[in-house]
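K.L.:
Mind looking at a prediction? Sequence and model below.
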Amino acid sequence: MLVSLAIRNFVIVDELALEFGPGFTVLTGETGAGKSILIDALLLALGERAEADVVREGAQRADISAEFRPGPEVAQWLAARELAGDPGDRGEPLLVRRTIDAGGRSRAFINGIAVTLGQLRELGEQLVDVHGQHAHQSLLRPAAQLALLDEVGALRTAGGEDGTGHAAARRAVAAAHADWQREQRAREAAASMAASATAEQDRLRWIVDELDALAPAAGEWERVEAEHKRLSHAAGLLEGARAAIDALSEADAAALVQVSGAAGRLSQLAGFDERLHPVVELIASAQVQLEEAVSSLQRYIDRSDLDASRLADIESRVAALHGAARRFRCAPTELAALLGDSREKLAALAAAGDLAALQAREAAARQRYDTAAATLSKLRAQAARRLAADVTRAMQELAMAGGRLAIELVETGPSAHGNEKVEMQVAAHAGAAPRPLARVASGGELARLSLAIAVIAAAATPVPTLIFDEVDAGIGGAVAETVGRLLKQLGQSRQVLCVTHLPQVAARGDQHFAVSKSIADERPVSRMARLDRRARVEEVARMLGGQEITETTRKHAREMLAS
């Protein structure tokens, strides 16, 4: 939900700060006062393209900031991109900001972090949807039309007795399509390898047979090499250890004998000079360390032996591993991995050789996809008929008498989304042929049609904030009352902002902002203010009677607001 909007130096707005609440908010004002500037600013903050002329004359930079209260899906989107202030705190506000300088360069931020316009637009599509005289609104996108139909269908089939419905059918189609594509790739890969499969199998079988006999193990080469080095140097190791023992303790001038003698002499002398005590302690410590070294060397000698037969075995294994590595042109350390890879490839080639089995698996996967897609197509056709009928009924109340909405399912061929795309077509009045939404002549007609669809599909669309710009173009009287009632109804489940010229619509708002324009420093300035009850009476009376506000129009305004 949109919580606040701050605008600075944008078109004819010098500085503006607004706070919004839930429900239905109306924006009114005289023609040319700048009512749509708020919407334009919000769209820029959410990633719309910007031109340098949006910067207020004489200013260096336009600055637009918006605060939202994100829902769980948006919070997850932010957390996945490390753009959330605190991903674990669902109460954390979402702040978006856009700056445009006088040269047309812009910068975008989400929660104070610089982002691309693509990221900003992706986020904006989850926060706000604009309905009005704008060619870029979501209903004109074929993908959005298909998503809307699926969302409405999923809503209406939720909680079925069999536990399935539109949403489950859509997921089943995506899964079946992925399975079919995987089997298709396996069959194509097998077919492409068929010509060289026999020669490759012979080569792999030779590798596997040779290495199976050798049975190399992972990490074996390192272990064998270390043991070979130890055994081949065993005599030298034992000789060196015995020589060290002699030098330390067994020779006439052994180190321990010398150290012990020095320790005895200094110990006697320390009785005459206590400054020698630390030296005596150090020598005593060295004596202990030398004795421990002699013991360790003796244990090493006792546990070591010259195993000639083991050395021969190890040398034979080293030679075998070396020989295999030369034959297969790899390092000895890679032999075990080569054996494993060759086994897997040989098994895959054996399986791939059975093209008939692969073709059967692919055909079975395609059949599962066709069945799932047919189920989804049937559900879509049902949802399309219901949605078209509901919208057509709503059109009769919205100055489109005799008009109708047609929803065509156009076959496109298999995809992860099913076998069809959606094409929404509208006939604006009786006798007119239905045409695609993008070719509807009247922006007002398109806006009112969007209103009808939005009200009907409100519970299905995930976007929390809906904006209607000039949805009342070319209508009045009872139709205007219907528009006001529908927007009020929509505001019960979504935050709704509406720019309107109609007092019947304005009187229905939960919040009311009025826009005015004045001249400051010889330049136009747009102002916007929230109206209290008394000010609302005056504004609705102005909308009813023009500049000359009489007590009669005030009375009528009070009656409209009271109703």
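P.N.:
Alright, I've got the coordinates.
K.L.:
how about the helices in the stretch 51-200 of the chain?
P.N.:
Per DSSP state H, counting those that start in this stretch, the stretch 51-200 of the chain carries helices over the ranges 72-80, 117-127, 142-157, 166-214.
K.L.:
Export those as a markdown table, with columns for mean neighbour count and distance to residue 410.
P.N.:
Every C-beta, even on glycine, is put in place using the N, C-alpha and C of the backbone. A markdown table is the format used below for those (neighbours: other Cβ atoms under 10 Å; distance: least, Cβ to Cβ, whole Å):
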| stretch | mean neighbour count | distance to residue 410 |
| --- | --- | --- |
| helix 72-80 | 14 | 29 |
| helix 117-127 | 18 | 24 |
| helix 142-157 | 19 | 9 |
| helix 166-214 | 16 | 17 |
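K.L.:
now the ones you listed as CSV including mean pLDDT and distance to residue 104?
P.N.:
Output for these, formatted as CSV (pLDDT from 0 to 100; distance: least, Cβ to Cβ, whole Å):
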stretch, mean pLDDT, distance to residue 104
helix 72-80, 89, 28
helix 117-127, 91, 13
helix 142-157, 81, 29
helix 166-214, 86, 42
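K.L.:
Run a quick neighbour tally on residue 250.
P.N.:
Using other Cβ atoms under 10 Å, residue 250 has 12 neighbouring residues.
K.L.:
Over to it: give its phi and psi.
P.N.:
phi -110, psi -20 (degrees, to the nearest 10).
K.L.:
Tell me, how many residues neighbour the nearest residue to residue 256 once chain neighbours are set aside?
P.N.:
Nearest residue to residue 256, sequence neighbours excluded (Cβ to Cβ, 6 or more residues apart in numbering): residue 249, at 4.7 Å. A count of nearby residues for residue 249, using other Cβ under 10 Å, gives 18.
K.L.:
now the least confident helix or strand in the chain by mean pLDDT and helix 142-157, what's the angle there?
P.N.:
The helix or strand of the chain with the lowest confidence, counting by mean pLDDT, DSSP states H and E, is helix 443-456 at a mean of 71. Here helix 443-456 runs at an angle of 30 degrees relative to helix 142-157 (axes from the mean of the first three to the mean of the last three Cα atoms, to 10 degrees).
K.L.:
From what I see, residue 558 and residue 537 are in contact.
P.N.:
Yes - judged on Cβ atoms under 8 Å, residue 558 makes contact with residue 537 at a distance of 5.5 Å.
K.L.:
more crowded one of those two?
P.N.:
Set residue 558 next to residue 537 and count neighbours by other Cβ under 10 Å: residue 537 wins out with 21 against 17.
K.L.:
Could you double-check that residue 63 lies in contact with residue 99?
P.N.:
Yes - here residue 63 reaches residue 99: they are 5.1 Å apart, a contact under Cβ under 8 Å.
K.L.:
Confirm the residue nearest to residue 256 sits in a helix?
P.N.:
Yes - per DSSP: H, G, I helix; E, B strand; the rest coil, residue 249 lies within a helix segment.
K.L.:
which residues touch it?
P.N.:
By Cβ atoms under 8 Å, 6 or more residues apart in numbering, the residues touching residue 249 are 255-257, 290-291, 294.
K.L.:
of the residues you listed, buried ones?
P.N.:
For the contacts of residue 249, a burial check counting by 16 or more other Cβ atoms under 10 Å picks out 255-256, 290, 294.
K.L.:
Distance to residue 51 added to those, as TSV?
P.N.:
Below are those laid out as TSV (distance: Cβ to Cβ, whole Å):
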residue	distance to residue 51
255	90
256	93
290	88
294	90
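K.L.:
mind listing which of the residues you listed are in helices?
P.N.:
Judged by DSSP state H, the buried ones among the contacts of residue 249 include 255-256, 290, 294 as members of helices.
K.L.:
Please enumerate the shared neighbours of residue 558 and residue 537.
P.N.:
Common neighbours of residue 558 and residue 537, counting by Cβ under 8 Å, 6+ apart, are absent.
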